[in-house]
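Student: Please work out how this folds:
(2 chains)
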Amino acid sequence: MEKRTIISFSLFIVLFLAIVGAIQYLRIHSLHTLLPNVAEQRMEIDQLQGGEAAASGQHRLQVYLVRDDEELAVKAADNILYGLRYAKLDVTEIAPEEVGTVAPSPYTILIFTGERTTRWPFAEMKRFVEGGGNIIFGNRFKDPAFNELTGVEEIGEFVPDVYGLNFEEKIFPGYVDLNPPEDLFVHSVVDFAIADEANVILSAEGFPILWEYAVGQGNVLYWNTTITNQKMMRGLFVQTLGTLPPAFVSAQAAIKLMYIDDFPAPIMSGKMKDVSTTPLDKSVKDFFAEDWWEDMVEMAEADDLIYTGAMIGTYEEEMELVDEQLIKRGEFPMLFFGRKLLANGGEIGLHGYNHQSLVTADEPIDPTYGYIPWKDKEEMKRSLLQAESVFANYFPAETLKSYVPPSNALNRTGVDAIAEALPELRTIASLYTGESENGDFVQEFEFDETHPELYHFPRVTSDYGESKGSIFQMVDAIANFGVFSHFIHPDDVIDPERAFGRDWDTMFASLRKIIDDVNVNYPHLQAYTQHYATEKLITYQAADLNASFDENIIYLSGEGLVNPSHFTVRLKTGQSIDTGTFAFGTVEQMEADRPLYLVTLTAASAEIAIEGDAQ
Amino acid sequence: MNLFYVAAILFALRYGTIFGLISFGVLLLYKVVYTGFVGGDIFLLFYDTNSLLTLFYYFAITVIVGLFSTSFRERYEISQFRNEELKDENTYLKETVDLLNTSQTTLRQKLLQSEYSLNQLYELAVSLDLPHPELIRSETIRLLKKYFLASDVAIYHVDRSQKSMRLLIRQAEKKEFPQTIFLDEASGMFKRFFQVQETTLRQLDDDDSDPMLLAPITIDGQTREVVVIKRLPLRKLTTDDLHVLNILFSWIGTRIENAQTLIRKEQHELLYPGTSFYKKDAFANLVALQEQKKVHHGQPFIVLEYALGYEPVSLESIEAIVHSYLREIDIVGYDREENKLMLLLPGTSEEHRQRIYDRIEGILIQKGV
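Tutor: Numbering: from 1, shown residues only, chains lettered A, B, ... in the order given. Have a look, this model is predicted:
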């Protein structure tokens, strides 16, 4: 090698090392201030315009709810009301005495919850059904007087603790059968003998749970269970309700939302093979940077997902770190994962200063968490502001718009602290289902009752698909009103217990299957960050849907409907509508035993012809 | 592998490290700009270890490939330089060999020439080994023409006062060589010649009419005769030729001196004792000889005869009187039987006969001869 080459090589090595050193120094200390992050994705929530003067049919779906003050009835009624309203179905609550005023019609449905049959006007109910109306009994009861309406021939004993749910027919795509010991649903049923004419739709452990029974011109749906007070069957209730009228339309918000909790957050030290069941000889940090994140990004790109992270400042229990220490700890997770999250179109929400739920000693929380209660709201606010300062340090142009309670535990003190400390924060995303008495912050999709600027957007499901119950809940929320909101914990993979002994590849494959199934069964769901999912859902809920029917035409229009708007349309067996692309949008068939369609509306109104005769 | 980086590596491979790094820099800039343009996070290009390592990886490959290319080119350039040096050296060696060959040829020619010169010298020596100065002069002119390609050649006799030269023999048109050259009136070349009295070549500032060469013929240590060559192809003559020519000139004097000595010995019988007066027969031979020169070289002569009125007391006294009025080349004979003095005047035209006769007669009368 010539001398001149050796000198050149040496110079380049020195230059190379100098560049490496300079970049290393800059990337750690100040480069991020010179190169701002990709701005958080802005998403437009369009609305369909001009639907006010659309044509309408003779018939509208009329749903009446009758309940009493008994607990089961109230809870079931409330639950059903939420479910129906999420699906943009108008419901009118009436007293039993008013039942007689309701004219029977194929498009009219009376829902009764509870068991106090003695208060129900049997004669009017019978006349209503026989006249062509529809009745749903939302809970099981024992009253032989109603047998001719319910199709019960023999009434047995109450049977508690009946587990699972089996589909005798496919009502909506994606639902899975639940069998013991799957305990999502634990029924209290009556051991009925029902008429042969009754068509059983759902069953559990051999007991008929839901059946339909024709009475005169009308139809009756009988829920032989107590689970109608539970959120995870709202979709099922809506979709089965849809089997009653000649044609049925329910709305879909069409939201797909994926959360990564504790992300970005400080990463534990150690090697993967030492702390997890994932046999990798690399550090946890490298695993998350190189394997976990790359898999997640690949899945997001392939399966149309946008992630919303929920950042944490530290995992220390006490609030002892000052801003700079907190900022220092957050350096890698915020710069690496945080910026990548934003660069991939995601959103960084707030999980907290640490992983201590914003709950005071006076408020309930699961003691097994071992959390140290916060002294008061002011301390909570200080912690929130410190966490926000970490966020602002790394993302000065962004604001925290979503909050996820650590361990999904939160109470009113915490909500107040959030609203006061972070006035720009828009969404609190906790749980859709849970144990409130254990401190779970269980939410509905609605504005906060105290702070009207705050919106509650609960997460429906979580984890890596290890539970069929979780899949059921996921499908049910989509069947209800088209919301998929799932969250995972990155650190499940480094906790063999939470990982159920699986390695990352197995966990990821399981998660991937969930997402793939969602994309296959519900291609209309659109990916959003939490903030824009909230905005869309608010717009969705505020819109007025006008769905009306003639004998062979469905009329769809509305005011303030999001663009595009999605609906499920259910017809009687033997009927159909043309699928394809039309001036108003598209029509696709969904996989179900009875005719079920997905209508996407990109125009303010639509008239959809029904073909065939009901069998 | 990103095609852009492949391009950078190819640049490095083709054009060396600097261009490779420049192209890498351009592509890095493009990547940064493109990342910004499509809404990507530029910071992550440098913060993400994988991304950074990828950049460094391509950077390192570019440098290594560039260095390899540069090194290879340098080696190529060095080889090329060495090749050119070898070519130059080869050319030099070829020239040297050519020169050696030329030298060898030249030396061979020199050797041959020197052998030739020796032969020539031998031939010259043999040719000039003649018993009479006139023959020697004639032979000299022949040799000059033959061996030295000279033309228009003449030999002059220089008088003892060295003020004039008289034509002895010539091989040219008459007009080329006057019978007498008076040195006071002669050109600068003649004057320069007589200053050094060595072989003299015509210089650039000499007249075109001047001869090409003047060479002395030294007899008894004095320049007694001069070889005048009007045309001599000096370019065709080698140094050896000139050297031989000089030897020839030297030899001529010696040869003439020897011939004169021999003649004197031979002529001892032909002369009257104590005089240079030829006896009648000998004088007649000289006239005959002069007659031949006139025929062959067109050189005129006249013979004057004076009848003496009395028997001379001493031929030596007559000789003392006559010789002071004659030229050195003039020959005197005495016919004892007819008591007649005969004068042979070479180089003298017939037209001057009467005037010279009268002048000599006057002197003889005046001196009482």
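Student: When you work out contacts or count neighbours from here on, use the C-alpha atoms and nothing else.
Tutor: Fine.
Student: so what's B:Thr91 up against?
Tutor: The contact partners of B:Thr91, by C-alpha atoms under 8 Å, 6 or more residues apart in numbering or on different chains, come to none.
Student: next one: whichever strand or helix holds it to chain centre, how far?
Tutor: In this structure, B:Thr91 is located in helix B:49-128 according to DSSP states H and E. Here helix B:49-128 shows a centroid-to-chain-centroid distance of 37 Å under the convention C-alpha atoms, centre = their mean, to the nearest Å.
Student: can you check stretch A:25-45 too?
Tutor: Averaged C-alpha coordinates place stretch A:25-45 at 30 Å from its chain's average position (C-alpha atoms, centre = their mean).
Student: what ranges do the strands span in the stretch 251-369 of chain B?
Tutor: Taking DSSP state E, counting those that start in this stretch as the test, the strands found in the stretch 251-369 of chain B are B:278-279, B:301-307, B:331-335, B:340-346.
Student: Chain A is nearest to which of the ones you listed?
Tutor: Between chain A and the strands of the stretch 251-369 of chain B, the shortest separation by C-alpha to the nearest C-alpha is 93.2 Å, and it involves strand B:340-346.
Student: for that closest one, packing partners?
Tutor: Where contact means 3 or more C-alpha pairs under 8 Å, 6 or more residues apart in numbering or on different chains; DSSP states H and E, strand B:340-346 is packed against strand B:301-307, strand B:331-335.
Student: Tell me what angle that strand forms with strand B:301-307.
Tutor: 170 degrees (axes from the mean of the first three to the mean of the last three C-alpha atoms, to 10 degrees).
Student: remind me, longest helix of chain A?
Tutor: Among the elements of chain A assigned as helix by DSSP state H, the one spanning the most residues is helix A:3-29.
Student: I'd like the strands of the stretch 251-369 of chain B laid out as a markdown table, including mean neighbour count, distance to A:Leu537 and mean pLDDT.
Tutor: What follows is these, written out as a markdown table (neighbours: other C-alpha atoms under 10 Å in any protein chain shown; distance: least, C-alpha to C-alpha, whole Å; pLDDT from 0 to 100):
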| stretch | mean neighbour count | distance to A:Leu537 | mean pLDDT |
| --- | --- | --- | --- |
| strand B:278-279 | 22 | 166 | 87 |
| strand B:301-307 | 17 | 156 | 89 |
| strand B:331-335 | 23 | 160 | 88 |
| strand B:340-346 | 21 | 155 | 89 |
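Student: In the stretch 1-150 of chain A, where is pLDDT below threshold?
Tutor: Across the stretch 1-150 of chain A, the stretches falling below the confidence threshold (pLDDT under 70) are A:1-2, A:4-5, A:24, A:26-30.
Student: first vs last residue of stretch A:439-449, how far apart are they?
Tutor: Distance between the boundary residues of stretch A:439-449 (C-alpha to C-alpha, to the nearest Å) amounts to 18 Å.
Student: what's it in contact with?
Tutor: Outside stretch A:439-449, the residues that reach it (C-alpha under 8 Å, 6+ apart) are A:363-366, A:405, A:407-411, A:430-436, A:453-458.
Student: what's the longest helix of chain A packed up against?
Tutor: In this structure, helix A:3-29 packs against helix B:42-47, helix B:49-128, with contacts taken as 3+ C-alpha pairs under 8 Å, 6+ apart.
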